[in-house]
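**Q** Sharing a model prediction with you, sequence too.
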Amino acid sequence: MLKNRIQCFVIADYNSDCMNAKKKYDFHCHSLKSDGALSPSNLVARASENGINMLALTDHDTMAGLAEAREQASHLGIHFVNGIELSTSWQDKSLHIVGLGIDPESSRLLEATSKLEQIRNQRAEKIAEKLEKKQMPGALTWVKQKAGGSMITRTHFADFLVAHFYVNAPQEAFDKYLIRGKPAYVTTRWLDMAEAVELINQAGGVAVLAHPMRYKLTASWMRRLLTGFKEAGGKAMEVVTGRSNPEEIKVLADYAKQFALAGSVGSDFHHPNNQWVELGRLAPLPGNVQPVWELLQ
Ligand code: AMP
Ligand code: MN
Ligand code: MN
Ligand code: MN
């Protein structure tokens, strides 16, 4: 019996490897419409160079890059999926919910993104005030200019701190100032998680729990989250991300199976300078998980 099961898994993994060899997917990445370094069209061009067949652009709280990305994808023969990564709150935690296959003209989704933009602008003011109190003035003007009308994120503040030699690298900016418990951290109430899932569903999309390992939850909190996400209408979770190790992938595949969620694959690519993360450079989705692309046209 056990032997049969093992054989089954081996065959399933083998099949999934074969499928992934045929097609390359990436359902999580960022352009300069939020905190990515590349324009939407340059991002899609890079995806094409990397041999990606199906791509979603998932900027933080904005759909502003989708039209440009779609246009470029149609030139390059890439199947493009409209995406977004929504900032949400659940039980005093910040969670990211990716929406795939959403209608970018959904009025409720557009309303939510403008509310999130306001929340981000207000938070930016508070972060800048906190930095000023620490003798690091001028951040708000700098990040606004750098963002150029795109969503202002903590990455922009990390860039400000690097540009002004307060830190040596963006990671140091996060670790010293920008993460929870550090001097420039601002507690923020985002969209309610269940509301975000409902909005995505209503806009014809598939709601995907982004990078579940990033939240550092205990097993019982993870089960609570997946139960709540599922009840809210969530359909999938990221099982493979750009920095996942094989053990994490196995754990997440087991959760996906247990909660009857489809599995997504997404690099969370932001910047070509990050040697650890590349568009489309992803381990295969384990064969025991339903692939999210089966839920997308
Ligand atoms: P936020 O503006 O809070 O949505 O954060 C924007 C981005 O900052 C995230 O999407 C990540 O790209 C990056 N980020 C968040 N936390 C960290 C961290 N601890 N280290 C490095 N980058 C981070
Ligand atoms: Mn980001
Ligand atoms: Mn995220
Ligand atoms: Mn992301």
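**A** Yep, that arrived. Ligands and ions are numbered 1, 2, ... in the order given.
**Q** so what's Gln122 up against?
**A** Gln122 makes no contacts at all, as judged by CB atoms under 8 Å, 6 or more residues apart in numbering. Just so you know, the C-beta spots here come from the backbone N, C-alpha and C atoms, and that holds for glycine as well.
**Q** Spell out which residues of the protein are next to ligand 3.
**A** 96, 210 (CB under 5 Å from the ion).
**Q** Could you point out the longest strand of the chain?
**A** For the chain, the longest strand by residue count, based on DSSP state E, is strand 79-90.
**Q** show me the contacts for the residue of the chain found nearest ligand 1.
**A** Residue of the chain nearest ligand 1, by CB to the nearest ligand atom: Thr153 (3.3 Å). The contact partners of Thr153, by CB under 8 Å, 6+ apart, come to 34-35, 60, 120, 147.
**Q** Find me the pLDDT at it, would you?
**A** Thr153 carries a pLDDT value of 98.
**Q** Point out the other helices and strands that the longest strand of the chain packs with.
**A** strand 54-57, helix 66-76, strand 93-100, helix 107-133, strand 191-192, helix 193-202 (3 or more CB pairs under 8 Å, 6 or more residues apart in numbering; DSSP states H and E).
**Q** Reformat these as JSON lines; add mean pLDDT.
**A** Output for those, formatted as JSON lines (pLDDT from 0 to 100):
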{"stretch": "strand 54-57", "mean pLDDT": "98"}
{"stretch": "helix 66-76", "mean pLDDT": "98"}
{"stretch": "strand 93-100", "mean pLDDT": "98"}
{"stretch": "helix 107-133", "mean pLDDT": "98"}
{"stretch": "strand 191-192", "mean pLDDT": "98"}
{"stretch": "helix 193-202", "mean pLDDT": "98"}
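**Q** for those, which one sits closest to Tyr166?
**A** helix 107-133 (8.5 Å; CB to CB).
**Q** And for Val248, nearest residue in space, chain neighbours not counted?
**A** Actually, residue 248 is Glu rather than Val. Take Glu248 and drop its neighbours on the chain: the residue closest to it by CB to CB, 6 or more residues apart in numbering is Met213, 5.4 Å away.
**Q** what kind of secondary structure is the one you found in?
**A** helix (DSSP: H, G, I helix; E, B strand; the rest coil).
**Q** Test my guess that it contacts Lys250.
**A** No - the pair Met213 / Lys250 is not scored as a contact, 11.8 Å apart, by CB atoms under 8 Å.
**Q** what's the overlap in contacts for these two?
**A** Common neighbours of Met213 and Lys250 (CB under 8 Å, 6+ apart) do not exist.
**Q** Count the residues that sit near the residue of the stretch 1-150 of the chain found nearest ligand 4.
**A** Using CB to the ion, the closest approach of the stretch 1-150 of the chain to ligand 4 is made by Glu85 at 4.8 Å. By other CB atoms under 10 Å, 25 other residues sit near Glu85.
**Q** do the same with Asn201
**A** Neighbour count for Asn201, taken as other CB under 10 Å: 17.
**Q** Kindly report the same for Gln72.
**A** 20.
**Q** from memory it sits against Val44, does it?
**A** Yes - look at Gln72 against Val44 with CB under 8 Å: they come within range, at 4.1 Å.
**Q** tell me the contacts of Lys24?
**A** Listed by CB under 8 Å, 6+ apart, the contact set of Lys24 reads 50-54, 280.
**Q** List the residues that contact the closest residue to ligand 3 within the stretch 151-297 of the chain.
**A** At 4.9 Å from ligand 3, Ala210 is the closest residue in the stretch 151-297 of the chain, using CB to the ion. By CB under 8 Å, 6+ apart, the contact set of Ala210 is 28, 85, 95-98, 238, 266, 268.
**Q** and the chain, which of its residues are near ligand 1?
**A** Selection of the chain residues close to ligand 1 by CB under 6 Å from any ligand atom yields 35, 60, 87, 153-155, 171, 174, 179, 270.
**Q** which of those lies closest to Val197?
**A** Of the residues of the chain next to ligand 1, the one sitting nearest to Val197 (CB to CB) turns out to be Ser87, at 13.3 Å.
**Q** what's across from the closest one in the sheet?
**A** His96 (DSSP bridges).
**Q** Surely it touches Leu116?
**A** Yes - counting by CB under 8 Å, Ser87 touches Leu116, with 6.2 Å between them.
**Q** Quick check: neighbours shared by these two?
**A** With CB under 8 Å, 6+ apart as the test, Ser87 and Leu116 both reach 61, 190-191.
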